[in-house]
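K.L.:
Build the 3D model from these lines:
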Amino acid sequence: KDNLKIDAVIISAIPGVRVSTIKKILTTNHHVVRIMPSIPISIGKGIIGIYFLNSEVSKYKICNLLSKLGKIIEVDEEYKLDILTVAAGCGPGVVAYIIQSLMISFINIGLTKSEALNIALQTMQGTCSLLKEQKILPHKLLADVATKGGITESIVMYFDKHDLNTLIAHGLIQGKQTLLKK
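P.N.:
Numbering: from 1, shown residues only. Model prediction:
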């Protein structure tokens, strides 16, 4: 902290550590910006949540730099960065878990490990691209795919019967509670 220039901007990616805490540690008047990147920033497709405590900070310069890593989502209140941490920061882990579950299930119904992984990945990527490019909401695509009395409908009914939505929601709530304990 002693070697920082007077006009330096500190960018923190420490989950759950508030700007006020960082400023106390620094004991200086440096501007502090909090970010929460998701792991796909490594390929330029991440999400970077960002919180500027002070509007004097050069938002344009910082956002321009970070935008090379993915989509910038600026929040106007610091607590929203915690929510973004759970959604975007933990999201890749949740998606990887779902892909792994699909892969294991595909193996259990007769595919090889390689086939199962390729199909799970392509299904996830293709579905996400379709939703994004055609601006379709997930429930609409689900309604189009799940024909009455069909295979997809039976799978979704099973998930609904066992309350998969609630299970996922409770997992994310657990993640938020873990973050808030830090």
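
K.L.:
Thr127: what's its closest spatial neighbour, skipping adjacent residues?
P.N.:
Leu141 (7.3 Å; C-beta to C-beta, 6 or more residues apart in numbering). Every residue, glycine included, has its C-beta placed from N, CA and C.

K.L.:
how close does the one you found sit to Lys161?
P.N.:
21 Å (C-beta to C-beta, to the nearest Å).

K.L.:
what sits against Gly44?
P.N.:
Applying C-beta atoms under 8 Å, 6 or more residues apart in numbering, we find Gly44 in contact with 68-70.

K.L.:
what's the closest of those to Ser42?
P.N.:
Proximity of the contacts of Gly44 to Ser42 (C-beta to C-beta) peaks at Leu69, which lies at 8.3 Å.

K.L.:
To what extent is the closest one buried, counted in neighbours?
P.N.:
As a burial measure, Leu69 scores 19 neighbours (other C-beta atoms under 10 Å).

K.L.:
Verify the contact between it and Gly49 for me.
P.N.:
No: with contact defined as C-beta atoms under 8 Å, Leu69 and Gly49 do not form a contacting pair (11.8 Å).

K.L.:
Quickly find the element holding the residue nearest to Thr127.
P.N.:
helix 138-145 (DSSP states H and E).

K.L.:
Summarise which helices and strands that helix is packed against.
P.N.:
helix 113-133, helix 151-161 (3 or more C-beta pairs under 8 Å, 6 or more residues apart in numbering; DSSP states H and E).

K.L.:
List the neighbours of the last one that are in contact with it.
P.N.:
What that stands for is helix 151-161. Contacts to helix 151-161, defined as C-beta under 8 Å, 6+ apart, come from residues 142, 145-147, 165.

K.L.:
Give the ChimeraX command for selecting the buried subset of those.
P.N.:
Buried residues among those (16 or more other C-beta atoms under 10 Å), as a ChimeraX selection:
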select :146
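
K.L.:
ok, of the contacts of helix 151-161, which one's closest to Ile98?
P.N.:
Of the contacts of helix 151-161, the one sitting nearest to Ile98 (C-beta to C-beta) turns out to be Asn165, at 12.9 Å.
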